[in-house]
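J.: A structural model of the following input is requested.
(one chain, ligands or ions: 2)
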Amino acid sequence: MIFKKHFLADTHWYEYEIPMYDKVVTAPRMVSWFEDKNNIEAGSNTQELTKDLRNIRQRVEAEIHVKFNAVLLNLYRNGQDSVAWHSDKTDKSGINPIIASVTFGETRLFRLRHKFNKEIPQVEIPLHHGSFLLMAGTTNSFWQHQVPKTAREVLPRINLTFRQVNKPPNII
Ligand SMILES: O=C(O)CCC(=O)C(=O)O
Ligand SMILES: [Mn+2]
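T.: Ligands and ions are numbered 1, 2, ... in the order given. Presented below is the predicted three-dimensional model:
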């Protein structure tokens, strides 16, 4: 659990505000966003990818031969933290982004549902410590995903999603 401990303690975690109709709601989890230095606009307070994040990215890139310039860290502090149904968009076009996900800590369910055909059964994948999950092709155009809340007593979980972003970043 070395990486979980490290990221828990050494990351600047902050709350993520989601615009929802005419309100703004606070997401039920903590986040931290990093980009490559050359992608960060002057004057922006976006964090630069750390050495550890660059090392993990290198392993991911070597596995799938895809390059990433940003990573979103999500911290699920307990079973009440979650991410609601959504698809990932990493640029304005939103077309077929490639998202590589790495999990540390507690196992949580990752669920997928088809956006248009309700007859297709949902898919449930328990993401364990050290899991690697790749969303590519049309996954994010045709499917939504979520990490539901759980009534079980669970320890913190940290998820890293490597992304390719243009400016300005649009993280989910
Ligand atoms: O925590 C996860 O496994 C997924 C996170 C996610 O979907 C997101 O940040 O867009
Ligand atoms: Mn997502």
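J.: for the rest of this, base every contact and every neighbour count on C-alpha atoms.
T.: Will do.
J.: next, give phi and psi for K149.
T.: The phi/psi pair for K149 (degrees, to the nearest 10) reads phi -70, psi 160.
J.: that one against G79, yeah?
T.: Yes. Counting by Cα atoms under 8 Å, K149 sits close enough to G79 to count as a contact (5.3 Å).
J.: on the three-state scheme, the nearest residue to L112 once chain neighbours are set aside is what?
T.: Of all residues not flanking L112 in the chain, H145 sits nearest, at 4.4 Å (Cα to Cα, 6 or more residues apart in numbering). At H145 the chain is in strand, as set by DSSP: H, G, I helix; E, B strand; the rest coil.
J.: start at 286, not 1
T.: Will do, 286 is the new start, and the previous item becomes H430.
J.: report how many residues lie close to H430.
T.: 22 (other Cα atoms under 10 Å).
J.: hang on, isn't it packed against K400?
T.: No. Between H430 and K400 there is no contact under Cα under 8 Å: 9.7 Å.
J.: could I get the full set of helices for the chain?
T.: 287-295, 336-349, 424-427 (DSSP state H).
J.: got JSON lines for the ones you listed, with mean neighbour count, distance to ligand 1 and mean pLDDT too?
T.: Formatted as JSON lines, these follow (neighbours: other Cα atoms under 10 Å; distance: least, Cα to the nearest ligand atom, whole Å; pLDDT from 0 to 100):
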{"stretch": "helix 287-295", "mean neighbour count": "13", "distance to ligand 1": "14", "mean pLDDT": "84"}
{"stretch": "helix 336-349", "mean neighbour count": "14", "distance to ligand 1": "16", "mean pLDDT": "97"}
{"stretch": "helix 424-427", "mean neighbour count": "18", "distance to ligand 1": "10", "mean pLDDT": "94"}
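J.: in this structure, where's the longest strand?
T.: strand 308-320 (DSSP state E).
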